[in-house]
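Participant: based on what follows, work out the 3D shape:
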Amino acid sequence: MSSAIKQERPRRILWGLFSMLVLLLVLSQTGLSEGSSAPESDSLSQIVSPNSAEELPTPSPLIWPAVIGLSLYQKILSPQQGQVCAFQPTCSHFAQKALRKYGLLQGALMTSDRLQRCHQCAAGHYPQTKTGLCHDPIENHHLWGAIQPAPFPLPELSTPASSSAGGEKATHLAFADHLCTTGDNRRAYVQYLGFARSSPQDPRSGSARLRAGICLQKMDQWQMATDLFANLASQEAGSSLGEEATFQMALSQLQAGDQTGSLKTLKSLQGTSQGDRASLLAGWIRLQHGEWAGARSSGQRAMTSSRKVISQAGRQVLETATRGTQLPHRIPLLAALFSAIVPGSGKWYAGKPMDGLYSLLLVGSAATIAYAYEDDHQRAKSAVFGSLGLFFYLGNIFGSASEAKRFNLRVHENLLQHQWVSAYPERWLWEFRNTAGSGRSCTAGKGSLDVAENLFQKGQYDEAITEYKRHLFHFPEDPQRGVVLYKTGISFLNNAQWDHARAHLSAAEKQAGPDERLRYQSQLRIGQSFLSQNRPEQAKEVLRDLLRDPIVAREKDRVAEVQYWLGTCALKSGDWVEALGTFHWLEREVSEGAFASQGQQLSRAAQEGYQLSHRSPTLAAVFSTVIPGSGQIYCGHLWDGLFSLALNASVGYLTVDAFGDGRRLDGVLLASLLWSRFYFGGQKNAARYAREYNRRVLEEHLRRYQSLIIPHYLD
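Facilitator: Numbering: from 1, shown residues only. Okay, the predicted model is just below:
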């Protein structure tokens, strides 16, 4: 008897270990797996630093075990499954944040709801990230508290028109207007503020500060714009400029998320010359929040305006509010009641049939498994799956109510988007007029090119760009305009602002006229910019087009230079055959010069590339198919491979043992919920590790030749 107990002990230990994981792994059935990080914001840090990550409250003692368990899952088990989650953030990160931000009860319900929405049919219902995942933050799904509507959609802003005024200061403002109109809002902001600070007594100083605030609005720096307009409004109180600043402050408050403050500011404008515009904007705010009666009242006041554009926009607000009262509506409580009676039916009612079907499947499956275990007198397993079924059942009720709220929000946003797109009142947001410079002056621009060249030589490329643009603005007929555009593009290249660089280089190419060298250099630099961005295929297209130019084809030195960079593109993409062919051509055709010697070195780099160690993704996946974990070991991930082997062996043993003992339900659950995920996840990881290995080897190899394959933009 004692020997039988000893034989059973290893099996019981394994069952004990995996029973601790089964609940978490069952929850991960829909995808508690790691995902790609969200793309970084490209806000202009030169003006204001990007917002820091949201600080979550410290978890309570009740939440700590769940948060720690999810963290361990993310570190240990999730990587073994490959990419299986359809969302960004992933379900495990969503669960952690929901628990910490909203507490145990709502966090658990939000987690259950998210798991029931994570399936293959989710892609068409959510915004897509650059990596193809569904963007689904927790803020969109909490039930208690209002779901924030979409931001107020602004049109493409144009700089308020300026009347002519003479003098050098006027041309300074005209240059700032030009920068703003062409989309260079950061430099325009600096120019406007520079004028206002250097000439505080000038009557146009206030107008310059107003325009600086509009530049901040264009850059989505709403809080900075609010502060600037508030300061200007207090200094210019009672004047038309002060009223305009107050209106723009209200608009910035709205975009910063302070709707209450925006309405309060707009109320202060009633009875002033901006009262009709204030009523109109207040109407749009109330439309955004579904306050149809208030929107109708504001629209009616705006319709009494003597200005036609305001009156027409007010009529549009009134019509939209009338349509809003006729929108289809879903009652969250009714949706929850439906799903309490039949799981998933509330989601059908709220317009998400696939989510409803998946909820019904999960709740029904958990309940069926729990009943089967209870019928087999396995009370512990029945309790586990019964608890899981209850978890999904409550999450299904919560999710149905939340989905009804989102349905109402969607139809609301669709109405507003249709109205804004069909007849958006663009002009009434920015219609202030004040005297500021609008003319060009050769005197004002005199010397700017010399200053730009000096700054360029010192490596102060950002300042050089401003001076180059100043010269281009004041001397539009300069015969050297193409050269200046080229130098501006080179300055952008040195600042790694690739899109701006290519735009100016393309303009330089068009302005080159008979200057074939300028045209050639501009096209070459465009190709090199793609290479600097690690986009060798796009670089190849530009360079090959350059070789087709008959004028370039007649110049042997230019052909050699283009071929050199084509070979470099082949190196960057790991195409050793093409790289060798290109550099062998250089060795034959070019006997001396920089490209000959550098080409010989890169030819050796291509020959060495043939001998680099390489891992086949297909072969790695095959290895892990035959022996789990061997593909990871083949790619240099020893411990990951051993861990994958141990997981597959352990779960595989338990699966086979369950079938061998006649416990078919245990075997099916282990095979479908655990073993298949680790087994197929190991194959995906092996192929991914092989690609990462090859990329890492290539980068390390090319790093030795970095000075030869990275373009330098010093001319």
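Participant: what about N648, neighbour count?
Facilitator: 21 (other C-beta atoms under 10 Å). The way it works is simple: take the backbone N, C-alpha and C, and place the C-beta from them, glycine included.
Participant: do Q74 as well
Facilitator: 17.
Participant: swap in S78?
Facilitator: S78: 24 neighbours (other C-beta under 10 Å).
Participant: surely it is within a helix?
Facilitator: Yes: counting by DSSP: H, G, I helix; E, B strand; the rest coil, S78 falls inside a helix.
Participant: what about it, distance to A690?
Facilitator: Here S78 is placed at a distance of 20 Å from A690 (C-beta to C-beta, to the nearest Å).
Participant: also L409?
Facilitator: On the measure of C-beta to C-beta, L409 and A690 end up 45 Å apart.
Participant: so between these two, which is more surrounded?
Facilitator: Just comparing L409 and A690: by other C-beta under 10 Å the higher neighbour count belongs to A690, 24 against 17.
Participant: buried stuff in the helix or strand containing that one?
Facilitator: Taking DSSP states H and E as the definition, one finds A690 inside helix 676-703. Burial within helix 676-703, assessed by neighbour count using 16 or more other C-beta atoms under 10 Å, is assigned to 677-690, 693-694, 697-698, 701-702.
Participant: tell me where the longest helix sits in the protein.
Facilitator: The helix that spans the most residues within the chain, counting by DSSP state H, is helix 379-422.
Participant: and the average pLDDT for that one is what?
Facilitator: Helix 379-422 carries an average pLDDT of 86.
Participant: begin at 36, not 1, for the rest of this chat.
Facilitator: OK, 36 is where the count begins now, so the last one is helix 414-457.
Participant: ok now it, how far from the chain's centre?
Facilitator: Averaging C-alpha positions (C-alpha atoms, centre = their mean, to the nearest Å) puts helix 414-457 25 Å from its chain's average.
Participant: need the residues that contact stretch 384-398.
Facilitator: Contact with stretch 384-398 is made by 150-152, 154, 156-157, 160, 365, 369-370, 373-374, 377-383, 424, 427-428, 431, 434-435, 438-439, 441-442, 445, as judged by C-beta atoms under 8 Å, 6 or more residues apart in numbering.
Participant: now, of these, which are buried?
Facilitator: Buried members of those, scored by 16+ other C-beta under 10 Å, are 150-152, 154, 157, 365, 370, 373-374, 378-383, 424, 427-428, 431, 434-435, 438-439, 441-442.
Participant: pLDDT below threshold where in this structure?
Facilitator: For the chain, applying pLDDT under 70 flags the ranges 36-94, 177-205, 454-482, 626, 628-629, 747-750.
Participant: tell me the domain boundaries of it?
Facilitator: 37-67+97-175, 197-363, 367-457, 569-646, 652-741 (automatic domain parsing).
Participant: out of those, which is closest to P511?
Facilitator: domain 197-363 (10.2 Å; C-beta to C-beta).
Participant: follow-up on the earlier one: so which of the domains of the chain comes closest to A542?
Facilitator: That would be domain 197-363 among the domains of the chain, by C-beta to C-beta, at 11.4 Å.
Participant: quick one: the helices in the stretch 236-385 of the chain?
Facilitator: Ranges of helices in the stretch 236-385 of the chain, per DSSP state H, counting those that start in this stretch, are 240-253, 257-270, 275-290, 294-302, 310-323, 327-338, 343-359, 367-376, 380-384.
Participant: is it possible to get CSV of those that adds distance to H176?
Facilitator: Shown next, in CSV, are the helices of the stretch 236-385 of the chain (distance: least, C-beta to C-beta, whole Å):
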stretch, distance to H176
helix 240-253, 30
helix 257-270, 25
helix 275-290, 24
helix 294-302, 21
helix 310-323, 20
helix 327-338, 25
helix 343-359, 24
helix 367-376, 13
helix 380-384, 13
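Participant: which of those helices sits closest to L637?
Facilitator: In terms of C-beta to C-beta, the element of those nearest to L637 is helix 240-253, at 44.4 Å.
Participant: for stretch 312-325, which positions count as buried?
Facilitator: Applying 16+ other C-beta under 10 Å to stretch 312-325 flags 312-323, 325 as buried.
Participant: go on, stretch 592-606?
Facilitator: Across stretch 592-606, burial judged by 16+ other C-beta under 10 Å covers 593-606.
Participant: which members of those residues define the maximum pairwise distance?
Facilitator: Most distant of these, by C-beta to C-beta, are R593 and L606, 20.5 Å apart.
Participant: now do the same contact list for E624.
Facilitator: If you count contacts by C-beta under 8 Å, 6+ apart, E624 has them with 591, 595.
Participant: quick check: the gap between the residue nearest to L372 when sequence neighbours are not counted and P388.
Facilitator: For L372, ignoring the flanking residues on the chain, the nearest one in space by C-beta to C-beta, 6 or more residues apart in numbering is G381 at 7.3 Å. Distance from G381 to P388, counting by C-beta to C-beta: 11 Å.
Participant: L97: what secondary structure?
Facilitator: Relying on three-state DSSP, one would call L97 coil.
Participant: that one is in contact with L139, isn't it?
Facilitator: Yes: here L97 reaches L139: they are 5.2 Å apart, a contact under C-beta atoms under 8 Å.
Participant: higher neighbour count, these two?
Facilitator: The neighbour comparison of L97 against L139 (other C-beta under 10 Å) goes to L139, with 14 against 11.
Participant: what's the burial count for the spatially closest residue to H160 that is not a sequence neighbour?
Facilitator: Excluding the flanking residues, the one nearest H160 by C-beta to C-beta, 6+ apart is K387, at 7.1 Å. Residue neighbour count, defined by other C-beta under 10 Å, stands at 24 for K387.
Participant: same thing with the one 10 residues further on?
Facilitator: Taking other C-beta under 10 Å as the criterion, the count of residues near L397 is 26.
Participant: separation between the nearest residue to Q123 once chain neighbours are set aside and C120?
Facilitator: Among residues not flanking Q123 along the chain, L168 sits closest, at 4.1 Å (C-beta to C-beta, 6+ apart). According to C-beta to C-beta, L168 stands 8 Å off from C120.
Participant: and what of G318?
Facilitator: 42 Å.
Participant: ok, T164 next?
Facilitator: Look at T164 and C120: by C-beta to C-beta, they are 12 Å apart.
Participant: who has more neighbours, the two?
Facilitator: More crowded of T164 and C120, by other C-beta under 10 Å: C120, with 24 against 17.
Participant: doesn't that one belong to a strand?
Facilitator: No: with three-state DSSP as the criterion, C120 is assigned coil and is not in a strand.
Participant: from what I can see it touches Q155, true?
Facilitator: No: C120 is beyond contact range of Q155, at 11.6 Å (criterion: C-beta under 8 Å).
Participant: joint contacts of these two?
Facilitator: Counting by C-beta under 8 Å, 6+ apart, C120 and Q155 have no common neighbour.
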